[in-house]
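Visitor: The following comprises the amino acid sequence and a computationally predicted model.
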Amino acid sequence: GYYDALAESNIPVNDRLVTFGEPDESGGEQAMTELLGRGKNFTAIACYNDSMAAGAMGVLNDNGIDVPGEISLIGFDDVLVSRYVRPRLTTVRYPIVTMA
């Protein structure tokens, strides 16, 4: 998805803006810490799921980075954790039951 969208728009891939982690809060914390260590040269983050986004948001908050003022953050799945992080997490909800 991400790489295909960049290619279709003739935008070169910048591997410094991509990192991976376990699909949980700790993985989001680790990935966000790694990205910030590379320098804050981004304005938005799309996470694999809401749990990773919650972990990433914690690291951003701990570093005094305003979400969504300085960096936009989005998760995926609309799981329960997305309702309890502050500020509220933008998330993608998909109708899995309808799709099945």
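Guide: Ah, there it is. Numbers count the residues shown, from 1 in each chain.
Visitor: Can you name the element that comes right after the strand ranked longest in the chain?
Guide: Ranked by residue count under DSSP state E, the longest strand found in the chain is strand 72-76. As assigned by DSSP states H and E, the chain's next helix or strand after strand 72-76 is strand 90-92.
Visitor: quick check, distance from that next one to the centre of its chain.
Guide: 10 Å (CA atoms, centre = their mean, to the nearest Å).
Visitor: can you check stretch 51-67 too?
Guide: On CA atoms, centre = their mean, the centre of stretch 51-67 falls 9 Å from that of its chain.
Visitor: cool, stretch 82-94 as well?
Guide: With CA atoms, centre = their mean, you get 11 Å for stretch 82-94.
Visitor: So what touches that stretch?
Guide: 50, 53-54, 57-58, 67-68, 72-79, 81 (CB atoms under 8 Å, 6 or more residues apart in numbering). For every residue, glycine as well, the C-beta is placed using N, CA and C.
Visitor: elements contacting the longest strand of the chain?
Guide: strand 44-46, helix 50-62, strand 90-92 (3 or more CB pairs under 8 Å, 6 or more residues apart in numbering; DSSP states H and E).
Visitor: rank the ones you listed by mean pLDDT and give me the bottom one.
Guide: Mean pLDDT values for these show the minimum at strand 90-92, a mean of 92.
Visitor: next helix or strand past it?
Guide: Next element after strand 90-92 (DSSP H and E): helix 96-99.
Visitor: How about the contacts made by the residue positioned nearest the centre of the chain?
Guide: With distances taken as CA atoms, centre = their mean, Cys47 lies nearest the centre of the chain, 2.8 Å away. Counting by CB under 8 Å, 6+ apart, Cys47 touches Gly28, Ala53, Ala56, Leu73, Ile74, Gly75, Phe76.
Visitor: Narrow these to those that are buried.
Guide: Gly28, Ala53, Ala56, Leu73, Gly75, Phe76 (16 or more other CB atoms under 10 Å).
Visitor: What is the burial count for the spatially closest residue to Asp78 that is not a sequence neighbour?
Guide: Excluding the flanking residues, the one nearest Asp78 by CB to CB, 6 or more residues apart in numbering is Arg93, at 3.7 Å. Around Arg93 there are 11 other residues, counting by other CB atoms under 10 Å.
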